[in-house]
Structures are given as structure tokens and as C-alpha cells.
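J.: Prediction below, plus the sequence it came from.
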Amino acid sequence: MSAVRHVLILGGTTEARGLADALAADPALRVTSSLAGRVTEPRRSAGQVRTGGFGGPEGLARWLREHRVDALVDATHPFADTMSFHAAEAAATARIPLLALRRPGWEAGPGDRWHTAGSLAGAAELLPVLGRRIFLTTGRMGLAAFARLTDLWFLVRSVEAPEPPKPPRMEVLLDRGPFTVEGETELLRRHRIDVLVTKDSGGRATAAKLTAAREAGVPVVVVRRPAVPEGVPVAADPSEAVAWLRSAVG
Ligand code: NAP
């Protein structure tokens, strides 16, 4: 049996790239990162990269077996919960250890005016009483939840252009982090934003908007994260994930 261990990282996040970088120099490991293929020009990851869905949990379990994967790290975005559940099912089927790498969520501080929602639909329900000009930073995939809000105007920021269904009154800003407090403050001012909507993605790259909103007195609707599948251990950053891998696969 080969002494080289194969680690599959389900990626699409800064933490996934950080983990691939941290493992790349280890000759005892072979690292493959998996991307969903949503972004046309993804940022580079160290090691091998494969792209596209696996075909559900059965397809992922098959891939794990065929490629002799020894450990699986689900380092997808905290809101990519379909994939996280597929990972849990597939790892159980393939009988390999699974770790969820999840950066911690954001926490409100003094001066923040946060309203929490359990879903994008819940966030959409809150908006009409909070403001009229909305900065929507929840990504292009969930815009349907806001499509019936015909009286409100949206500034939608996303990496790739959104497709319908989407709100009728909106402007799209194609951009991806990291963002600065100065830049976010200027956006709020220029577009006369009176509500910010965000997922509780956590991390530093996109946190500047929260500081800018606090300083401008703008309320924020924060969509809560889905839970990590039961029983799956969680690492908060790549170094914790490296430590877990060392004990899981040696
Ligand atoms: P999702 O709803 O949880 O997953 C939908 C399907 O996409 C999965 O069933 C799987 O297809 C495929 N998929 C997802 N992640 C994959 C990966 N890393 N490698 C291969 N296939 C993957 O996922 P999502 O929310 O659309 O997110 C897609 C990707 O974008 C993820 O990699 C995530 O890390 C990244 N991302 C998501 C968000 C967000 O807010 N959701 C934000 C930033 C980045 P099969 O069933 O065919 O395997």
C-alpha cells in the first residue's frame, strides 16, 4: 500500500485554498481540491484541481473510492449546505474520516443594528419596513427570494452576472473581495443605501461592509448559517484542519 495519503478538499473558499497551500509541501500527502465550477476564473489552488459536481452523494462516494481518498475536508462556503450533507453521506459510505472547515461567523458589536433572518426569504420579508435602497451581498444564486419586492431598489454585488428571476429595480456590481472599509463606505454613500443584506459568511475578506454599515448607522439583515451535519467535527481555520489531518491520516 502506498504511504502517500490522498486528501480531497471540497473548496470554493479562501480557507480551502489556505489548506491546500499548507499541505502542498508535504510529500506524504496528495491533495486534490474540488470546485463546483460556478466561477469562470477561480483563484488558483495548490495541488491538483478538479471541477464540476460529482452527481450527488453516490457520485461523490464513487469518486472517493475510485481515487482512493483517505480523508475528506468539506471546506465549502458555510452556506453550501447541500454539498456539506452530500459530503457527510459520501464519507460514511466510503468509510473515510470527514472534517468540516468553517470559518467562525460574525458577531454584532456595540453600535451594530443587526436583524437576523433564518433564510433569504426571511430576509426579504424584513426589508420593506427597514428601507428602500438595499445593498444585497448574498450572491447571485438566491435573488429569486427578492424578486417580488418591486417597490425597493437593489444594488446587487456578485462575482458573476445574475440571471432571472431577480428584482426588477436593481443595479449589478460585478466584484469580489477583499473589500475595504473606505470602499464600502463610499458605496453606501454613493448609492444612498439604507439597508445592507448579508449572509453570515464570516471571515475578513468581506467584513468591511459591516464596519461601514455600523459607522453609517445603516441596519444590516444577517442571514443565519445552516448547521453543519450532525457528528462532523469542525475546524475553524486551515491550521486546525492540518492538525486534524495529521491525527486522522498520519
Ligand atoms: P450547494 O448548493 O451546497 O451544492 C449544489 C451542488 O453543487 C452540489 O450538490 C454539488 O453537485 C455541487 N458542488 C458544490 N460544491 C462543490 C464542490 N466544491 N466541488 C464539486 N461540486 C460541488 O453549493 P453552492 O452554495 O451552489 O456553492 C457552490 C460552490 O460555491 C461551493 O464550492 C462553495 O464553496 C462556493 N461558494 C458558495 C457560496 C454560497 O453563498 N453558497 C459563496 C461563496 C462560494 P453534485 O451533487 O453533482 O456533486
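T.: Now that the structure is in, tell me what you want to look at. Here the structure is a predicted model, which is why all the values come from computation and not from measurement.

J.: Compute the number of surrounding residues for residue 59.
T.: Per other CB atoms under 10 Å, the neighbour tally for residue 59 reads 13. The way it works is simple: take the backbone N, C-alpha and C, and place the C-beta from them, glycine included.

J.: so what's the spatially most central residue of the chain up against?
T.: The residue lying closest to the centre of the chain (CA atoms, centre = their mean) is residue 77, at 2.5 Å. Applying CB atoms under 8 Å, 6 or more residues apart in numbering to residue 77 gives the contacts 12, 13, 201.

J.: Go again with 10 Å.
T.: 11-16, 36, 83-84, 102-103, 139, 199, 201-203, 225 (CB atoms under 10 Å, 6 or more residues apart in numbering).

J.: how many neighbours does residue 250 have?
T.: Burial of residue 250 is recorded as 11 neighbouring residues (other CB under 10 Å).

J.: That one contacts residue 7, correct?
T.: No - counting by CB atoms under 10 Å, residue 250 does not reach residue 7; the two are 11.7 Å apart.

J.: Name the residues contacting each of these two.
T.: Listed as contacting both residue 250 and residue 7 by CB under 10 Å, 6+ apart are 29, 70, 71.

J.: List the buried residues for the top helix by length along the chain?
T.: If you go by DSSP state H, the chain has its longest helix at helix 81-94. Neighbour-count burial for helix 81-94 flags 83, 84, 85, 86, 87, 88, 89, 90, 91, 94 (criterion: 16 or more other CB atoms under 10 Å).
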